[in-house]
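In: Curious how this folds, go ahead:
(one chain, ligands or ions: 2)
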Amino acid sequence: TDTTAPLGRLPFCELHVHIEGTLEPATIFELAAAKDIRLPYADEAELAALYDFSDLQSFLDLYYANMQVLQTEDDFEALGAAYLRRAGAAGVVHAEMFVDPQAHSVRGIPESVVLAGLHRAIAAVGAETGITASIIVCVLRDQPVDSAERMLDRVLESGFAIEGIGLDSAEVGYPPSLFRSVFERARAAGLHAVAHAGEEGPASYVWEALDVLGVERVDHGNRALDDAALVARLAADRIPLTLCPLSNVRLRVIPSIAEFPLRRMLDTGILVTINSDDPAYFGGYLDDNLRALRGAFDLGGDVLGLLARNSVEASFLAPARKHALL
Ligand code: HPA
Ligand code: ZN
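Out: Ligands and ions are numbered 1, 2, ... in the order given. Next comes the predicted model:
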């Protein structure tokens, strides 16, 4: 299989990308140099050697450490703009981007600075290329509930447009039900709700995300395949899963791309989508993920077309825009 051929003009929505996970090693060094920040690595090669992860936590440690170079509204604008230009080149016409405000407020950077920068990026690259994007603020599940409540307060007070609330960071030991009150309040404020569940955690966390948090999509959700009743529920209610193949390989959720359960997922009738998660850390953007799948599974244009349509259907776009893209 030719793994480098272009993917055609299929319009994709990207629904699972952490904007801080698009921070490329070269950008880390550029920002550090500009701000006189001393990095604990001598050069890009030394940093790149640390991208050999053993599990989710080993990745998160580096992901949070590298964020120290993101400080100003301009930094967040540049981060968002670089991602949106790269995503557009990959065939993405709309992105729903995760951001982790608590990872920045803990360093003294207010939610309003982060959101202002990202909104400037969305406006600028949208005007340039036509790509659209929205923002989903994620709760760090390994931080106290009270920290999440205050993050939500400040995000809502900021007045910036927000598409939804999500749940991420270290999963095992932090079940979704811990954050019932935060999600209730976010949904009452009109936000969509999604949550990471079943990446390293059990199928029971996916049930909790659905039944306690009221999520409309599940991020990852790989472990749902362990539970036939859960598979039936996801398929019957058309709850999408936002799957991330290269992430799964690099965080050792699966041993290799050949074990990525694409066929099993598609055969269950669940609405599955393909996404990049943290593309600067896991070996690539949406097109790289699709090429990896095509290399492993000899995907025909029919499957790629289905994945593109699923991504549109699973998005939070207005019905008229979905119709235009389908
Ligand atoms: N899982 C959980 N939290 C995250 C991830 C992920 O893959 N990426 C960034 N935060
Ligand atoms: Zn993720």
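
In: So for the helix or strand harbouring Ala127, what gets flagged as buried?
Out: Element membership for Ala127, per DSSP states H and E: helix 111-129. Buried residues in helix 111-129, counting neighbours by 16 or more other CB atoms under 10 Å, are found at 111-122, 125. (C-beta placed from N, C-alpha, C; glycine too.)

In: go on, stretch 186-206?
Out: Buried residues in stretch 186-206, counted by 16+ other CB under 10 Å: 186-187, 191-206.

In: quick revisit: following the helix holding Ala127, which helix or strand shows up next?
Out: Past helix 111-129, the next helix or strand by DSSP H and E is strand 132-140.

In: if we can go back for a sec, which one among the buried residues of helix 111-129 gets closest to Ala318?
Out: Proximity of the buried residues of helix 111-129 to Ala318 (CB to CB) peaks at Ile122, which lies at 16.2 Å.

In: Give me the residues contacting the helix holding Ala127.
Out: Applying CB atoms under 8 Å, 6 or more residues apart in numbering, the external contacts of helix 111-129 come out as 19, 72-81, 83-85, 88, 97, 99, 101, 104-105, 131-135, 137, 151, 154-155, 158, 160-162.

In: Filter the residues you listed down to the ones in strands?
Out: Judged by DSSP state E, the contacts of helix 111-129 include Met97, Val99, Thr132, Ala133, Ser134, Ile135, Val137 as members of strands.

In: isn't the last one right up against Leu167?
Out: No - using CB atoms under 8 Å, Val137 is not in contact with Leu167; the gap is 10.4 Å.

In: still on that earlier bit, out of the buried residues of helix 111-129, which two sit at the greatest distance?
Out: Going by CB to CB, the pair spanning the buried residues of helix 111-129 furthest: Glu111 and Val125, at 21.5 Å.

In: The chain against ligand 1: which residues are in contact?
Out: Residues of the chain lying near ligand 1 by CB under 6 Å from any ligand atom: His18, Gly21, Leu56, Tyr63, Asp168, Ser169, His196, Glu199, Ser247, Asp277, Asp278.

In: hmm, back to that, by how many degrees do the helix holding Ala127 and strand 132-140 diverge?
Out: Here helix 111-129 runs at an angle of 150 degrees relative to strand 132-140 (axes from the mean of the first three to the mean of the last three CA atoms, to 10 degrees).

In: How far off centre is helix 111-129?
Out: On the basis of CA atoms, centre = their mean, to the nearest Å, helix 111-129 sits 17 Å off its chain's mean C-alpha point.

In: cool, and stretch 15-32?
Out: Once both centres are worked out by CA atoms, centre = their mean, stretch 15-32 turns out to sit 13 Å from its chain's centre.

In: Could you work out the end-to-end span of it for me?
Out: End-to-end distance of stretch 15-32 (CA to CA, to the nearest Å): 29 Å.

In: got the contact list for the residue of the chain found nearest ligand 1?
Out: Proximity to ligand 1, evaluated over the chain using CB to the nearest ligand atom, is greatest for Asp168 at 3.6 Å. Going by CB under 8 Å, 6+ apart, Asp168 touches His18, Phe98, Asp100, Cys138, Val139, Leu140, Arg141, His196, Asp219.

In: Bridging across strands, which residues link to it?
Out: Counting by DSSP bridges, Asp168 forms beta bridges with Leu140.

In: residue farthest from the centroid of the protein?
Out: Asp36 (29.9 Å; CA atoms, centre = their mean).

In: Please report the distance of that residue from Gln71.
Out: Distance, Asp36 to Gln71, using CB to CB, to the nearest Å: 12 Å.

In: same question, Arg150
Out: Distance of Arg150 to Gln71, given as CB to CB: 21 Å.

In: which one of the residues of the chain next to ligand 1 sits closest to Leu286?
Out: So of those, ranked by how close each gets to Leu286 (CB to CB), first place is Asp277, at 10.2 Å.

In: give me the low-pLDDT residue ranges for the chain?
Out: Low-confidence segments of the chain, defined by pLDDT under 70, span residues 1-8.

In: Okay, strands next: where are they in it?
Out: Assigned by DSSP E, the chain shows strands spanning 12-18, 92-99, 132-140, 164-168, 192-197, 217-220, 241-243, 272-274.

In: now the angle from the first one to strand 164-168?
Out: With the same axes, to 10 degrees as the criterion, the two stretches strand 12-18 and strand 164-168 enclose an angle of 50 degrees.

In: quick one: contacts of strand 12-18?
Out: Against strand 12-18 from outside (CB under 8 Å, 6+ apart): 63, 83, 87, 90-100, 138, 168, 217, 219-220, 240, 242-244, 273, 275-279, 286, 307-308, 311-312, 314-315, 317, 325.

In: Assess the claim that Gly214 and Val194 are in contact.
Out: No - between Gly214 and Val194 there is no contact under CB under 8 Å: 10.3 Å.

In: where do the contact lists of the two overlap?
Out: Counting by CB under 8 Å, 6+ apart, no residue touches both Gly214 and Val194.

In: ok, the residue lying closest to Arg187 once chain neighbours are set aside - contacts?
Out: Distances taken as CB to CB, 6 or more residues apart in numbering put Ala193 closest to Arg187, at 5.5 Å, once the chain neighbours are dropped. By CB under 8 Å, 6+ apart, the contact set of Ala193 is Gly164, Ile165, Gly166, Phe183, Ala186, Arg187, Leu213, Gly214, Val215, Glu216.
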